[in-house]
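*Asks:* Output the structure for:
(2 chains)
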Amino acid sequence: MGTDRTFVVNLPKGETGHRLRSALGKLTGEHAISVTMKDDGAIEFRGDSPGYALLEIRLLSPNCPIFERREDGSEDAVTAGSPDWIEGIVSCPNKNCITVQPKEPTRPRLRVLGFSPPKVQCYYCGRYVPEDSLIVQLSG
Amino acid sequence: MLDIGRSEIEELFRIADDMKKYVKSGTDVLRNRVLATLFFEPSTRTRLSFETAMIRLGGHAIGFADPSTSRMTTGESLADTIRMLDSYSNVIVMRHRIEGSARLAAEVARSPVINAGDGSQHHPTQTLTDLYTIRNEFGSIDGRRIAVLGDLKQTRSASSLCFGLSHFRDVKLYLLSPEALKLRQEVKDQSLEGKIEYIESTEIERFLPELDVLYVTRLQKERFPDPKDYEKFRGSYIITRDMLRNARNGMIVMHHLPRIDEIPLEVDETPNARYFEQAANGLPVRMALLSMLVE
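*Replies:* This is a model prediction of the structure:
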């Protein structure tokens, strides 16, 4: 087990903020984090492997500032640290992709190529995941 | 084609040159080695040239060309089928309509897996054959002006050729297709952007005087979700003998075959036709590939 790290995100208002809250709340299993809503509209999350949470924030709101809270209470802006790959969270929308065939239990694996706009490509079939599909899958 | 580099492609071409002397007489460099061919989609040239290549190299070929004769019809997974064939053979060649199936097979198998076409994006051994043909015709692929014509969205030979050409310098590519059948953005991003000068157009004749190679593709009837769409585009591009009079001297016409109606028989007799030589080149290229991959 690693050491828990704490991150603070000032959620954007409106739909994007709702999506982010929903997406972070859906992280479970190996990507589990604890999420706390703050009175000022910010969201605080803690976990020992926050990479996927950081990735989801960048994909859904690329300009949203993220801060890591240190033990002494100081906060540093986080500009890197999210993984280049998404595994097991987002499915490939290509019905002809090996990862969505019922008989072939293949873990979806997608490469993150960019954030603004989000560009995510299936490792197996090479297709891009359309932005609307990505948003629905992460936060829907 | 993105998994290999230019030096590997050129090395394969050098070996293919050597292999030409064995395409009829044979050799025994892969004696007692076994090639397994799994073709879940129809094939004539690719499957038969792979099997011939292995036999000419002194090895043996097993496999199926009709998946209904395999246990996959009873629900066996592709991964299990690959594991089994892997234990019987030294190299696996596979074609499947499902995209990414070859990558999965390569992860499951210990032996080399050669992608003989999966879905509508990749057909690397066709591309190696195409590049070998262009190189043999002009001495070099660098600097060539190449048009790819037809159903660029769904033809794996077209997208795979773009991936392959991305390894060469100063190539100018003309992507000629109906608007709805343009090359997919993923393919352009990975193979062309920042690497190759290219233009997209629905016109053909305007560019003929500029070209070294006119690569014609077949309308992929089997990949249209609605048969009406196929009928809508059928016959939308046909290369005639008259059109080729406007081509520059020495331009060659290539096609991955089979053709339907996009190249009439009258073109076969023109000095431009190279598609049968192109198909024949598949044998030394695949012999070279097998000899490189199989210990």
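*Asks:* hey, let's count contacts and neighbours off CA atoms from now on
*Replies:* Noted.
*Asks:* number of nearby residues for the residue in the stretch 51-200 of chain B that chain A sits nearest to?
*Replies:* Taking CA to the nearest CA as the measure, the stretch 51-200 of chain B has B:Gly100 as its residue closest to chain A, at 4.3 Å. B:Gly100 has 24 neighbours, counted by other CA atoms under 10 Å in any protein chain shown.
*Asks:* How far off centre is the lowest-mean-pLDDT helix or strand in chain B?
*Replies:* Least confident helix or strand, chain B: helix B:227-233 with a mean of 80, by mean pLDDT, DSSP states H and E. Centroid separation for helix B:227-233 versus its chain: 24 Å, with CA atoms, centre = their mean, to the nearest Å.
*Asks:* Skip ahead from it and say which helix or strand is next.
*Replies:* Moving toward the C-terminus from helix B:227-233, the next helix or strand (DSSP states H and E) is helix B:241-244.
*Asks:* Mind listing what's buried along the helix or strand of chain A with the lowest mean pLDDT?
*Replies:* Here the helix or strand of chain A ranked lowest by mean pLDDT, DSSP H and E is strand A:34-37, holding a mean of 80. The neighbour-count check on strand A:34-37 (16 or more other CA atoms under 10 Å in any protein chain shown) flags A:Val35 as buried.
*Asks:* Give the buried residues for the least confident helix or strand of chain B.
*Replies:* In helix B:227-233, counting by 16+ other CA under 10 Å, buried: B:230, B:233.
*Asks:* next one: stretch B:252-260
*Replies:* For stretch B:252-260, a neighbour-count test (16+ other CA under 10 Å) marks B:252-257 as buried.
*Asks:* likewise stretch A:129-140?
*Replies:* Within stretch A:129-140, the residues that count as buried by 16+ other CA under 10 Å are A:129, A:134-135, A:138-139.
*Asks:* again with stretch B:273-283
*Replies:* B:273-275, B:278-283.
*Asks:* With stretch B:119-127 instead?
*Replies:* B:119-127.
*Asks:* Now do it: distance from first to last residue.
*Replies:* 15 Å (CA to CA, to the nearest Å).
*Asks:* if we can go back for a sec, so which of the buried residues of stretch B:252-260 is the closest to chain A?
*Replies:* B:His256 (21.9 Å).
*Asks:* Wait, the closest one touches B:Glu277, no?
*Replies:* No. Using CA atoms under 8 Å, B:His256 makes no contact with B:Glu277, being 10.9 Å away.
*Asks:* which SSE is the most centrally placed residue in chain A in?
*Replies:* Closest to where the C-alpha atoms of chain A average out (CA atoms, centre = their mean) is A:Glu56, at 1.8 Å. Assigned by DSSP H and E, A:Glu56 belongs to helix A:51-60.
*Asks:* now the following helix or strand past that helix, how far from the centre of its chain.
*Replies:* Using DSSP H and E, the helix or strand that follows helix A:51-60 in sequence is strand A:66-69. Chain-centre distance of strand A:66-69: 15 Å, with CA atoms, centre = their mean.
*Asks:* by contact count, what packs against strand A:66-69?
*Replies:* The contact analysis (3 or more CA pairs under 8 Å, 6 or more residues apart in numbering or on different chains; DSSP states H and E) places strand A:66-69 against strand A:5-10, strand A:75-77.
*Asks:* Give the rounded mean pLDDT of it.
*Replies:* When pLDDT is averaged along strand A:66-69, the result is 90.
*Asks:* hmm, who's touching it?
*Replies:* By CA atoms under 8 Å, 6 or more residues apart in numbering or on different chains, the surrounding residues in contact with strand A:66-69 are A:5-10, A:75-79.
*Asks:* Check which helices and strands the least confident helix or strand of chain A sits against.
*Replies:* Going by 3+ CA pairs under 8 Å, 6+ apart, strand A:34-37 lies up against strand A:42-47.
*Asks:* Am I right that A:Leu110 falls within a strand?
*Replies:* Yes. Counting by DSSP: H, G, I helix; E, B strand; the rest coil, A:Leu110 is found in a strand.
*Asks:* pLDDT score for B:Phe163?
*Replies:* 96.
*Asks:* thinking it is in contact with B:Leu2, fair?
*Replies:* Yes. Look at B:Phe163 against B:Leu2 with CA under 8 Å: they come within range, at 6.3 Å.
*Asks:* And the residue nearest to the centre of chain A, how far from A:Gly41?
*Replies:* On the measure of CA to CA, A:Glu56 and A:Gly41 end up 18 Å apart.
*Asks:* contacting residues for B:Pro209?
*Replies:* Neighbours of B:Pro209 in contact, by CA under 8 Å, 6+ apart: B:246-248.
*Asks:* any idea which of these is the one closest to chain A?
*Replies:* Minimum distance to chain A across the contacts of B:Pro209 is 35.4 Å, recorded for B:Ala247 (CA to the nearest CA).
*Asks:* Now do the same contact list for that closest one.
*Replies:* B:Ala247 neighbours (CA under 8 Å, 6+ apart): B:208-211.
*Asks:* repeat that with 7 Å
*Replies:* For B:Ala247, the contact set (CA atoms under 7 Å, 6 or more residues apart in numbering or on different chains) comprises B:208-209.
*Asks:* beta partners for the closest residue to A:Val8 other than its chain neighbours?
*Replies:* Once flanking residues are discounted, A:Val8 sits nearest to A:Glu44: 4.5 Å by CA to CA, 6 or more residues apart in numbering or on different chains. According to DSSP bridges, the residues that bridge with A:Glu44 are A:Val8, A:Thr36.
*Asks:* OK, contacts around A:Glu44?
*Replies:* So A:Glu44 contacts A:7-9, A:35-37 (CA under 7 Å, 6+ apart).
*Asks:* at 10 Å instead, please
*Replies:* A:6-11, A:33-38, A:66-69 (CA atoms under 10 Å, 6 or more residues apart in numbering or on different chains).
*Asks:* Separate out the buried members of these.
*Replies:* A:6-11, A:33, A:35, A:66-69.
*Asks:* ok, so of these, who is nearest B:Pro227?
*Replies:* Using CA to CA, A:Leu11 comes nearest to B:Pro227 of the buried ones among the contacts of A:Glu44, at 48.0 Å.
*Asks:* Isn't the closest one up against A:Ala42?
*Replies:* Yes. Counting by CA atoms under 10 Å, A:Leu11 does reach A:Ala42; the two are 5.5 Å apart.
*Asks:* Which residues are in contact with each of the two?
*Replies:* By CA under 10 Å, 6+ apart, the residues touching both A:Leu11 and A:Ala42 are A:17, A:21.
*Asks:* need the longest helix for the chain.
*Replies:* Chain wasn't specified; assuming chain A. Ranked by residue count and defined by DSSP state H, the top helix of chain A is helix A:15-26.
*Asks:* The chain in question should be chain B.
*Replies:* helix B:275-293.
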